[in-house]
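predicted model follows, preceded by the sequence.
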Amino acid sequence: MRRRNVKILATLGPASNTPEMIRTLHEAGADAFRLNMSHLDHEGLKKSHALIRQVEAELGRPIGILVDLQGPKLRVGKFAAGPVTLEPGATFTFDLDPAPGDVTRVNLPHKEIYEAVAPGKSLLLDDGRIRLTVNDVTAEKITTTVALGGTLSDRKGVNLPDATLGLSALSDKDRADAEAALALGIDWLALSFVQRPEDVAEARKIARGRASVMAKIEKPNALTELDAILDIADGLMVARGDLGVELPIEQVPGWQKRITRKARKAGKIVVVATQMLESMISSPMPTRAEVSDVATAVFEGADAIMLSAESAAGDYPAEAVAMMNRIAIEVEDDPNYSSIIYGQRTEPEATSADAISAAAHTVADTLEAAAIVCWTNSGSTGLRAARERPQFPIIALTPIIETARRLALVWGLHCVLTEDAHDLDDVVDRACRIAFSEGFAQRGQRIIITAGVPLGTPGATNMLRVAFVGEKGGMVG
């Protein structure tokens, strides 16, 4: 039982990829784990997946697994004599010649870039540390002027903030990685470098319902297409690392808020990621600015906040998770938290599921209920309940382990695996017993129950019931 609503997504890596550390991270506050395919082969993926499921079985709690696909990597070639220094005002050329480069040129083996850029556009190298302005483009050569200089070495990355690349967000490696992950039974597939809704549609076609698809928002083009991407994706990740490279960095906080609010309004999950407690890679304590950064995401009502290198390769993975957990608890206990969250509440859509979820929130407020208990097969009822951001705990009951795992990343949901209800009395009685046994409700308290009739019908939430918790957790009356 967590004392917070926001979820914590922790990345596994060399510092944390053991059953002992995975268990420690989960007990410290990690609700789900991210496996980064930029650093894993299929054997490593299989091993990490097995370790998480081992810990899940030992603890008896559903744990979500998100596999983050690498996406297409655009990199320059190699240099003949080691790193070169590009001076501001100098001319620098990219070409298709595989010969090692020098201070005047280097190989850029990606024809899509030559087709996408135009004079006056920018090229960014090495995570934006070097900025070049394009002067001239042919099918085999890009001539630029160095606007912001620096040292450039082999295989550094290239970003195009002003252009849409004519390539899919899914490389051949991504497709193979996705199939390997889906065959294992992972819960979320995160798609890198999304530019357009078609990228997400392609990933959904590969997933075929075997996992939910999360679009990572890290390119300016994705911001332009955000509404269309959100319509297709199951969730969004605010990937602030690359977003801060391709956008003016001062625009990132505003976009983080806009993306979070759009996702909340749509009832889709949103994860805020990258450099949240960056200094804890090498320090047992974060900076005050990092604490404020995490707190901002929690105040905004993000579904989950993510640790990257802090838990994957840092010196203090457990401390980083525990710190994020403490920050989240403190924020949610703040007197201003409820008013901020409630102030962003959106009107329900004209569906029975939304109407019931909104009514459950209102009834729980009026009666000061101990918890809202929702029965869900597909997970949609749990998502609609979480969209309301009620100030009372939400218990999601499901007979499907895959649903419970996917919902592990959703704001406020405490997922419990239980067999499907036999009849309406069982719906109510089991909800009362589980709310009692899980520590959310005591004898004599009321809970709000939502479910769908006929029972077990996906997406058919149409029933709301108020019930009193009895002596040993069963319903009264």
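Okay, I see it.

looking at the protein, which helix or strand is least sure?
Least confident element among the helices and strands of the chain, by mean pLDDT, DSSP states H and E: helix 337-343 (a mean of 89).

how far is it from where the chain is centred?
The chain centre lies 22 Å from the centre of helix 337-343; the measure is CA atoms, centre = their mean, to the nearest Å.

ditto for stretch 260-272
10 Å.

give me the phi and psi for the most centrally placed residue in the chain.
Nearest to the geometric centre of the chain sits residue 271, at 3.6 Å (CA atoms, centre = their mean). Here is the backbone geometry of residue 271 (degrees, to the nearest 10): phi -110, psi 130.

surely it meets residue 308?
No. The criterion here is CB atoms under 8 Å, and residue 271 misses it with residue 308 at 11.4 Å. (C-beta placed from N, C-alpha, C; glycine too.)

sketch out the low-pLDDT regions of this protein for me.
Low-confidence segments of the chain, defined by pLDDT under 70: 456, 459, 471-477.

how is it divided into domains?
7-72+169-334, 84-159, 352-468 (automatic domain parsing).

make JSON lines from the ones you listed and add distance to residue 341 to it.
Formatted as JSON lines, those follow (distance: least, CB to CB, whole Å):
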{"stretch": "domain 7-72+169-334", "distance to residue 341": "5"}
{"stretch": "domain 84-159", "distance to residue 341": "34"}
{"stretch": "domain 352-468", "distance to residue 341": "5"}
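
and of these, who's closest to residue 344?
When those are compared by CB to CB, domain 7-72+169-334 sits nearest residue 344, at 6.2 Å.

that closest one: end-to-end distance?
17 Å (CA to CA, to the nearest Å).

with stretch 225-239 instead?
Start-to-end, stretch 225-239 (CA to CA) is 16 Å.

please apply the same query to stretch 372-388.
For stretch 372-388, the separation between the terminal residues is 11 Å (CA to CA).

ok, and for that stretch, which residues are buried?
By neighbour count with 16 or more other CB atoms under 10 Å, stretch 372-388 contains the buried residues 372-388.

for stretch 22-39, same thing?
Applying 16+ other CB under 10 Å to stretch 22-39 flags 22-26, 28-37 as buried.

hmm, residue 302 is touching residue 260, no?
Yes. With contact defined as CB under 8 Å, residue 302 counts as touching residue 260 (5.4 Å).

need the nearest residue in space to residue 408, chain neighbours excluded.
residue 64 (3.5 Å; CB to CB, 6 or more residues apart in numbering).

so what's that neighbour bridging to?
Judged by DSSP bridges, the bridge partners of residue 64 are residue 32.

residues in contact with it?
With contact set as CB atoms under 8 Å, 6 or more residues apart in numbering, residue 64 has these partners: 9, 31-33, 187-188, 405-409.
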